[in-house]
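K.L.:
Just a sequence and a predicted model for now, questions to come.
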Number of protein chains: 2
Amino acid sequence: MATINDVARAAGVSISTVSYALSGKRAIGAATRDRIDAAVAQLGYRPNAGARMLAGSRTNLLALSAPLHADTYAPAHMTFVLAIAEAAREFDYDTVLLVQDEAVNGLRRMVSSKLVDGIVLLDVDRDDNRVPLVRELDIPVTLVGIPADTAGLTCVDLDFEAAARLSVERLAALGHRQIGLIGHPLDLYARGSNFPIRFRDAFVEAAADKGVALHFVMPEQEPASVRAAVEELRQSLPEMTAVVLNANEPVHTMLLELLRSDGVSIPNDLSILSACSSFPTDMLDPPLDVIPLPALITGRRGVELTMHQLDGFSEPVVELVPPSYITRGSTSSVA
Amino acid sequence: MATINDVARAAGVSISTVSYALSGKRAIGAATRDRIDAAVAQLGYRPNAGARMLAGSRTNLLALSAPLHADTYAPAHMTFVLAIAEAAREFDYDTVLLVQDEAVNGLRRMVSSKLVDGIVLLDVDRDDNRVPLVRELDIPVTLVGIPADTAGLTCVDLDFEAAARLSVERLAALGHRQIGLIGHPLDLYARGSNFPIRFRDAFVEAAADKGVALHFVMPEQEPASVRAAVEELRQSLPEMTAVVLNANEPVHTMLLELLRSDGVSIPNDLSILSACSSFPTDMLDPPLDVIPLPALITGRRGVELTMHQLDGFSEPVVELVPPSYITRGSTSSVA
DNA sequence: GCGCATTATCGAAGCGCTTCGACAGTTCGA
DNA sequence: TCGAACTGTCGAAGCGCTTCGATAATGCGC
């Protein structure tokens, strides 16, 4: 493997000249630069990562702390991981993946061994046990998800409260007065999971504001449970004309299948809105109106905020990505 | 951050003594070692990763090449990623995640910058474009999945052919003479995807061997398509008494929901077997007999084989993990 | 045509670690 | 009782890079 020395020799210059030519940190004559570039290309030179880490101030490595709870919905999670790894590459960073208990225990190791320049925390719960830890870590950290206490932390997430309000407002504007809300399984809320709770609470509040009757159910991810949930909604809201889903893809599929077999027509008999979904709802049958959870945007933003801190901007920010509403024809105004 | 120098000073020894004490590569007096250990603990010393990479011969970093096709089934994929990252930790390795095009292009970068000691390739297709690349990479590589030409490569995977045979044999032994096989969506086969093809072909062969009539369908992941597939099976095999699923979890759910609404009783009317599934089938309703695709075992083995190569064992191996059959009561003998 | 700022390049120090060879001090068989 | 063979420890070289502080060489105003 070629070293900077080989390049310097091949180009007939000193190694510091090569280094400056490659980093651009000092001006280099055009002719010299050309010779260096040629030597680099010819030798297939690539700086040694270890040497760069040791001598320089950056490792060009980012830690991604991605714990996985038993109830983590894999496709959504994966989208975030992808978004972050890809965004990191745009800053010439690679991603070290920390899963399971390493998502917590590995962090300190990353920092004290100076392996990474920054950390992105995925799937942050309200009372996440990583939060106290990263508070004392002297390194750029960005949380994707908003914990209960954000003091001193840089966070980014979809504005779930705004998404909930947007859901209620759109449906209320269409004349719906009784709305069913299908949430995630119960234990997710019990665990203090982040956005389902924030969404639910804001939804309840917005419904009250708009004078809309609301019933909330938390089915498990299986047909029988979804069926029971729908029965419960119908019982509790006899005039229900709209349903908002804040749930996983399988629950969407199950609900639509169930409504179809019941002969319910969408949106004529029932308006449906999928809120904070991280999967495409245009493949569903029928396609659903959606307020997307933009994993790509949020994940990328998490990386950007980390890079921003690396560039010396250290005032912590809590960034809420505003929700958007995409129409697919699954809602209509009440007759 | 404490350096080895600080530790040496605190323990009153030279830095080489500290290094040897920590690596165990030379004998160190018990008393000296104790003083060093105490200093390490007290200072919270952790070797600088960059320095270690530069001076030593190992980086303790593993690259995980995980491309993601549009049709990649996230939960299964995730299980592999998890298994590999966790297994790596057991060897004191961290995992650098390469996704999308980096899964291909990043490999050369990893090697020439000496960032990683080894590579694990996930989701290897029959004619994977990473295969020619890794052939010329002078670094330990293990493929999870078996490409068409394995010459010179170390690979590991479930023995899909054996799994297919096992499926047919078990059902044939129970007296089933007409078996439906529900596979993945068509484009997966068209793309030359690895194990679905190997499974299908071996299944066809085994069925012929055992004199079992077989029909093969490839539904999309949506209820209507699954329904059509089942109709096709019934049409083609009027006496069909068993169905083997080599498909994603949603297709399982859809099939079971559909059979339930048709009043089909499992296993009385129809025996069902889930083959090469990477998700738990005991949560389904009803729980299904399964030949699991053991992501944990295969993934971990991928790491182990890489470490083995690092230890100097360089003869390439193709390792096939034998399938196992787990009974959950969804199959029975033909009346 | 003189000093002065600017531009292009170089040498050397040092990042924190591993590892080789040296060397006292100890043990032990002959 | 003497050298051979260990044991335990140290100093120094070097891994490949970045970066600081020279040093020429050039251009500029006056």
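P.N.:
Ah, there it is. Numbers count the residues shown, from 1 in each chain, chains lettered A, B, ... in the order given.
K.L.:
Could you export stretch A:217-225 as PDB, CA atoms only?
P.N.:
Extracted in PDB, the C-alpha atoms of stretch A:217-225 (Å, rounded to 0.1, in the frame of the first residue of the first chain):
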ATOM      1  CA  VAL A 217     -57.200   2.200  20.900                       C
ATOM      2  CA  MET A 218     -53.900   0.300  21.000                       C
ATOM      3  CA  PRO A 219     -54.100  -2.900  19.100                       C
ATOM      4  CA  GLU A 220     -51.400  -5.500  18.900                       C
ATOM      5  CA  GLN A 221     -50.000  -6.300  15.600                       C
ATOM      6  CA  GLU A 222     -52.400  -9.100  14.700                       C
ATOM      7  CA  PRO A 223     -55.700  -9.300  12.900                       C
ATOM      8  CA  ALA A 224     -57.800 -10.400  15.800                       C
ATOM      9  CA  SER A 225     -56.500  -7.500  17.900                       C
END
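K.L.:
Pick out the residue of the stretch 51-200 of chain A closest to DNA strand C.
P.N.:
Taking CB to the nearest atom of the strand, DNA strand C has its nearest neighbour within the stretch 51-200 of chain A at A:A55, 3.5 Å off. Where you see a C-beta, it was placed from the backbone N, CA and C, and this is true even at glycine.
K.L.:
Tally up the residues packed near that residue, please.
P.N.:
A count of neighbours around A:A55, defined by other CB atoms under 10 Å in any protein chain shown, yields 13.
K.L.:
Repeat that for A:D157.
P.N.:
With other CB under 10 Å as criterion, A:D157 counts 21.
K.L.:
Spell out which helix or strand contains it, please.
P.N.:
Element membership of A:D157, judged by DSSP states H and E, is strand A:154-158.
K.L.:
for that strand, packing partners?
P.N.:
strand A:141-144, helix A:194-210, helix A:295-310, strand A:318-321 (3 or more CB pairs under 8 Å, 6 or more residues apart in numbering or on different chains; DSSP states H and E).
K.L.:
Pick the most deeply packed of these.
P.N.:
Sort these by mean neighbour count, taking mean count of other CB atoms under 10 Å in any protein chain shown, and strand A:141-144 sits at the top with a mean of 28.
K.L.:
if we can go back for a sec, which one of the helices and strands packed on strand A:154-158 has the lowest average pLDDT?
P.N.:
Lowest mean pLDDT within the helices and strands packed on strand A:154-158: helix A:194-210, a mean of 91.
K.L.:
does stretch A:97-109 come close to chain B?
P.N.:
Yes: residues of stretch A:97-109 contacting chain B under CB under 8 Å from any CB of the partner chain: A:97-100, A:102, A:106, A:109.
K.L.:
Turn these into a markdown table, including neighbour count.
P.N.:
Conversion of these to a markdown table gives the following (neighbours: other CB atoms under 10 Å in any protein chain shown):
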| residue | neighbour count |
| --- | --- |
| A:L97 | 25 |
| A:L98 | 27 |
| A:V99 | 22 |
| A:Q100 | 16 |
| A:E102 | 23 |
| A:G106 | 23 |
| A:R109 | 16 |
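K.L.:
taking the residues you listed one by one, which sit in strands?
P.N.:
Among the residues of stretch A:97-109 next to chain B, the members found in strands (DSSP state E) are A:97-99.
K.L.:
hang on, the earlier thing: show me what the following helix or strand past the strand holding A:D157 is packed against.
P.N.:
Going down the chain from strand A:154-158, the next helix or strand is helix A:160-173, by DSSP H and E. Helix A:160-173 sits against helix A:194-210, strand A:242-245, strand A:271-277, strand A:289-292, with contacts defined as 3+ CB pairs under 8 Å, 6+ apart.
K.L.:
would you list these in TSV and tack on distance to chain B?
P.N.:
TSV is the format used below for the helices and strands packed on helix A:160-173 (distance: least, CB to the nearest CB, whole Å):
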stretch	distance to chain B
helix A:194-210	19
strand A:242-245	16
strand A:271-277	14
strand A:289-292	17
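K.L.:
In the one helix or strand A:A224 maps to, which residues are buried?
P.N.:
Using DSSP H and E, the element containing A:A224 is helix A:223-236. Residues A:223, A:225-227, A:229-230, A:233 are the ones in helix A:223-236 that count as buried (16 or more other CB atoms under 10 Å in any protein chain shown).
K.L.:
With stretch A:84-98 instead?
P.N.:
So stretch A:84-98, judged by 16+ other CB under 10 Å, has buried residues A:84-89, A:93-98.
K.L.:
So what touches it?
P.N.:
Identification of contacts with stretch A:84-98 by CB atoms under 8 Å, 6 or more residues apart in numbering or on different chains yields A:60-66, A:81, A:106-107, A:110, A:115-117, A:120, A:122, A:144, A:299-300, A:302-304, A:307, B:61, B:64, B:81, B:85, B:94-100, B:102, B:106, B:115.
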